[in-house]
Structures are given as C-alpha cells and as structure tokens.
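**Q** take this sequence and fold it.
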Amino acid sequence: DIEQLRRELSHDHAKTAELRQRYDAQSKELKTARDESSALKREFNQISTLLEDRTSELKGAQSFLTTADAFSGSEVTNTLQRLNAEVLQSTAFMAESMVELFVPSMTKLDSKTDDQVAGGKRVSVLIGGAIVYFLGTKKHKDDPILIQIAFQAYLTYVLRWIAAAWIIGGEEDHNQFIDTIYQSVREQEAQAIAGRWRALTRAHVPHTRFDELQLTSHMTTKTISGLCDILLAAGCTASKSDIVSGLSSKFTDKISLLVSLAIRVNKIIGEDVTSGDFEVLAVPPATAFDGTKMEDSYDD
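**A** Predicted coordinates:
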C-alpha cells in the first residue's frame, strides 16, 4: 500500500510539474500577447496621430494652393469703375455746393492767411503744386471747375491708397515693408503661392485699433480735412473748423460711401483674388498731359 501511495504521489508530482510548466508557458504567451497588444495600440495611436497631422497638412496645402477666385476680373473692374463714377459725380456736386456756401469769402486775394498757406502746402504734396497755385490765383464764383478737379485729384489719391494699402490707416513705412516682402515672394514663387501668401497676410496682418466701421469713419474724417485744405488754398477765408463743419454736414455720408467702396476694393484684390494680381493705378500729381495716353475730359 505504501509503495502504491508512493507511486501515486510521484505521479501527482510529475503531473503537477507538467501543469506548472504548462502554466508558466501560457503565462509567458499571455505576457507576450499583452506586450504585442500594447505595442500594436501604441503603433495604432501613432498612425492615427500621424494621419490626423497629414490630413490637416493636406487641407492646409489644398487651401493654400487653391486658385479659385471669389470674384472674376470683370467684377473687380466693375467695382472700381463704380468707385470712379461715384468720385466724378460727387466732386462736381461738392465743388458747386462749397462755392455756393462760401462764395463771399472765395475771392482772389493779394495776401494769404497762415491757414491758407498751410492748407496749400499740405495738399500740394498730394495733388501737385501747379493746381494749388492756380487755386489761389483764380476766382471760383462763376466756374468751380478747378475746385472740382482738385477734389477729384485728391479723392483719387486717397482712395487709391486705401484700395492698395496692406494696413489701411497704418504707418506708411509698415505698408512699404510688407510690400517689399511681397514683391520678393512674387519674384521667387509661383502665382498660386504668392497670391495665397498675399491673401493670408492681408487677412492676418495686425490691423489698427479700428474695426471696419470705425476705420471708415476715421478715413472719412481725414478725407474731409484734406478737402478743407483745398478750399483754403482756393482762397476761402472761413475758419478751418467752419469749413470742416460745412463739408461734414453735407457730405459725410457720400464720402463714407467712397471710403467703403475703396475698402471693399482693397479686400477683393487683396484677399479674394489669388490667381493674379490687380493693381489700382492713378496718375501721379504734376504729370504732364500726354494725348497719346490720356483723354482730355475738359476739352469743351
């Protein structure tokens, strides 16, 4: 019996050892499987993250390289032509109204006040010294055409600047700095990249402290001040505050419309069109008339 028990015990020990070996082997296999599962999960997470990054990059690249324009070339030119027409119509009415309002003081004078001299100097930088000279030597009561032309030249200068500026209302050296960079981009990159760079820069460049409504009001006020200088140069002896008040009461809405249109042109050619470049051109002040390139609108 004892021998039988010994044999059974030995058998049980062997079986236990076998089971232990099998258990150890299965434990190792389970650990290996868990390690492989963890590795696969990590690899999956890495691939998922990489996929998200690449998807985001592809979306960014697609957006950056798209050549679809929000406006056609004809729509751009139509908007600018509307602005030109508004300037022409507005300046004729404004000149007649201001001469009528200030006609008693708008006569040829042998000497000029300090305000008249200062106003003439300020505006001559923008519209040229020749027209400022004639403004101060002619009588405008019967025919305000010179004032109309001066108004038109001044508004053309201001509105062209608004339409072309990188930062409307910002420092001119900042605009020139960004423009220098852009010209380099245009020379070295394809149009799709250069146009998109321009659009993104226009959209994200730090703007002035004004929102669009405030910016329109700010530029309207500055524009009225320049028109006041023209009237001073034309011999108006009313105070600058009275002239500004007269202009503001009659033409703030009209000038605000012109400024708003120029801001719209700025956005269209700066952000909404990337397949090409539109540039708003204006004849520099004091440029001599050239019949081969210019049309004489006053030949009558």
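**Q** just give me the neighbour total for the closest residue in space to residue 83 that isn't next to it in sequence.
**A** Distances taken as CB to CB, 6 or more residues apart in numbering place residue 261 nearest to residue 83, at 4.6 Å, with adjacent residues excluded. (C-beta placed from N, C-alpha, C; glycine too.) Using other CB atoms under 10 Å, residue 261 has 20 neighbouring residues.
**Q** check residue 223 too.
**A** Neighbourhood size, residue 223 [other CB under 10 Å]: 23.
**Q** who's in contact with the residue most central in space within the chain?
**A** Note on the chain: the residue nearest the mean C-alpha position is residue 202, at 4.4 Å, using CA atoms, centre = their mean. Applying CB atoms under 8 Å, 6 or more residues apart in numbering to residue 202 gives the contacts 166, 267, 270-271.
**Q** one step back: list the buried residues for the helix or strand where the residue nearest to residue 83 lies?
**A** Under the criterion of DSSP states H and E, residue 261 resides in helix 240-267. Buried residues in helix 240-267, counted by 16 or more other CB atoms under 10 Å: 240, 243-244, 246-247, 251, 254-267.
**Q** quick one: the helices in the stretch 151-300 of the chain, in order.
**A** Along the stretch 151-300 of the chain, counting by DSSP state H, counting those that start in this stretch, helices occupy 172-188, 191-204, 212-233, 240-267.
**Q** pLDDT weak spots in the stretch 1-150 of the chain?
**A** Low-confidence segments of the stretch 1-150 of the chain (pLDDT under 70): 1, 60-67, 103-110.
**Q** can you map out the helices along it?
**A** Secondary structure of the stretch 1-150 of the chain by DSSP H, counting those that start in this stretch: the helices cover 2-65, 73-102, 114-127, 129-137, 145-164.
**Q** out of those, which gets nearest to residue 174?
**A** Closest to residue 174 of the helices of the stretch 1-150 of the chain, according to CB to CB: helix 145-164, at 13.4 Å.
**Q** show me what the closest one is packed up against.
**A** helix 73-102, helix 114-127, helix 129-137, helix 212-233, helix 240-267 (3 or more CB pairs under 8 Å, 6 or more residues apart in numbering; DSSP states H and E).
**Q** show me the contacts for residue 124.
**A** 132, 233.
**Q** what's the separation between it and residue 235?
**A** 15 Å (CB to CB, to the nearest Å).
**Q** same question, residue 229
**A** 13 Å.
**Q** out of those two, which sits in the more crowded spot?
**A** With neighbours defined as other CB under 10 Å, residue 229 and residue 235 compare such that residue 229 has more, 25 against 21.
**Q** might one say that that one is in contact with residue 125?
**A** No: the pair residue 229 and residue 125 does not pass the contact test of CB atoms under 8 Å, sitting 10.1 Å apart.
**Q** rewinding a little: now distance to residue 153 and pLDDT too, for the contacts of residue 202, in CSV please.
**A** Below are the contacts of residue 202 laid out as CSV (distance: CB to CB, whole Å; pLDDT from 0 to 100):
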residue, distance to residue 153, pLDDT
166, 24, 92
267, 25, 92
270, 24, 92
271, 28, 90
